[in-house]
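**Q** Need a 3D model of the sequence below.
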Amino acid sequence: MFDLYTAPTTNGMRASIMLEELGLAYRTHRVALGTTIDVKPPELVEANPAGTIPTLIDHRDGVSISQSFAIMQYLCEREGRFSFSDAAPRAAMLEWMSFVMTDIISATHPIFVLGTHLKDTPAHILAHYEARLLRYFEMADARLARNRYLAGQEICVADFALYPTAHFRRPLIERSNSTPHLERWLAEVGDRPGVTRGMAVPADE
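**A** Here you go, the predicted structure:
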C-alpha cells in the first residue's frame, strides 16, 4: 500500500498516472497549495520536511520519496515495467525524461506564473515563452514522426512524464497546427484508462 500526498497539478498527476498505470493500490491525501508548513499533514512533513507534493510513502519497502520524476522512475523500477534494460531504448528513455524535466518544464512554468499570477506582464514576454515551449513540442513531434512513442515503439515512463504538460498546453499545440504527430500521441496516451484515472487525482472535494 502507498500513501500519495498530492494536489491537482501536473507534477501531482505524474505520480498518480504512474500508480494507476502500474495498478498499485494507494490512498490519496490532498494537500492545499500555498499553505505554510505548520498546517500541512504531519505525516507529509515527517516524510518530506519541505512539505511539497507529490510525496509518496511506500509502506512495503519503508521508502518515502518526493519529486514527481523520481517517483515515476522509482515505481517503474520497483515494478519492472515501463522501463528498459537494453542500452539503446534505455538511453532514449533517459534522454526524453531529462528533456521533459529540464527544457519542457523550464518553458511551461513561466507561462503558468505569468498567466496566473502576473497578468499585467507584457504580451511579448508571454509570447517568448510560448514560442520556446512550442519549439520543444516540435522537437517531440519530430521524434514521434519516426516512433510511436518517445523512446521507440513501446510506451515508457518518459511518455507518462510528458503527457500532463502537453495535455494542459493543448490550446497552444492546436493553435500552432505544427505538431500532428504529437497530437496523435496525445490522443493515444490520453485514451489509456490508467492515464484518464490518474489525471483525475485528487478528486474534487
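
**Q** Distance from the chain centre to stretch 10-27, please.
**A** 10 Å (CA atoms, centre = their mean, to the nearest Å).

**Q** any residues touching that stretch, and which ones?
**A** Under the criterion CB atoms under 8 Å, 6 or more residues apart in numbering, residues 1-4, 6, 28, 53-54, 56, 68-69, 71-72, 75-76, 79, 81-82, 157, 160-161, 163-165, 168, 192-195, 197-199, 201-202 lie in contact with stretch 10-27. Quick note: C-beta positions are derived from backbone N, CA and C, even for glycine.

**Q** Just the C-alphas of that stretch, formatted as PDB.
**A** Extracted C-alpha coordinates of stretch 10-27, given in PDB (Å, rounded to 0.1, in the frame of the first residue of the first chain):
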ATOM      1  CA  THR A  10       0.900  18.300 -13.500                       C
ATOM      2  CA  ASN A  11       3.500  17.200 -11.000                       C
ATOM      3  CA  GLY A  12       0.900  15.500  -8.800                       C
ATOM      4  CA  MET A  13      -0.800  13.900 -11.800                       C
ATOM      5  CA  ARG A  14       2.500  12.400 -13.000                       C
ATOM      6  CA  ALA A  15       2.700  10.400  -9.700                       C
ATOM      7  CA  SER A  16      -1.000   9.300  -9.800                       C
ATOM      8  CA  ILE A  17      -0.800   8.400 -13.500                       C
ATOM      9  CA  MET A  18       2.200   6.100 -12.700                       C
ATOM     10  CA  LEU A  19       0.400   4.400  -9.800                       C
ATOM     11  CA  GLU A  20      -2.700   3.900 -11.900                       C
ATOM     12  CA  GLU A  21      -0.800   2.500 -14.900                       C
ATOM     13  CA  LEU A  22       1.000   0.100 -12.700                       C
ATOM     14  CA  GLY A  23      -2.200  -1.000 -11.000                       C
ATOM     15  CA  LEU A  24      -0.900  -0.200  -7.500                       C
ATOM     16  CA  ALA A  25      -3.200   0.400  -4.500                       C
ATOM     17  CA  TYR A  26      -2.800   3.800  -2.900                       C
ATOM     18  CA  ARG A  27      -4.500   6.300  -0.600                       C
END
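
**Q** Apart from its neighbours in sequence, what residue is nearest residue 132?
**A** residue 107 (4.5 Å; CB to CB, 6 or more residues apart in numbering).

**Q** for the helix or strand where residue 93 lies, the distance to its chain's centre please.
**A** Here residue 93, judged by DSSP states H and E, is contained in helix 87-99. Mean-position distance between helix 87-99 and its chain equals 16 Å (CA atoms, centre = their mean).

**Q** ok, and for it, which residues are buried?
**A** For helix 87-99, the neighbour count (16 or more other CB atoms under 10 Å) marks 89, 92, 93, 94, 96, 97, 99 as buried.

**Q** same check, this time on stretch 7-26
**A** Neighbour counts over stretch 7-26 (16+ other CB under 10 Å) mark 7-8, 10-22, 26 as buried.

**Q** Could you point out the longest helix of this protein?
**A** helix 123-146 (DSSP state H).

**Q** which stretches of the protein aren't confidently modelled?
**A** 113-118, 204-205 (pLDDT under 70).
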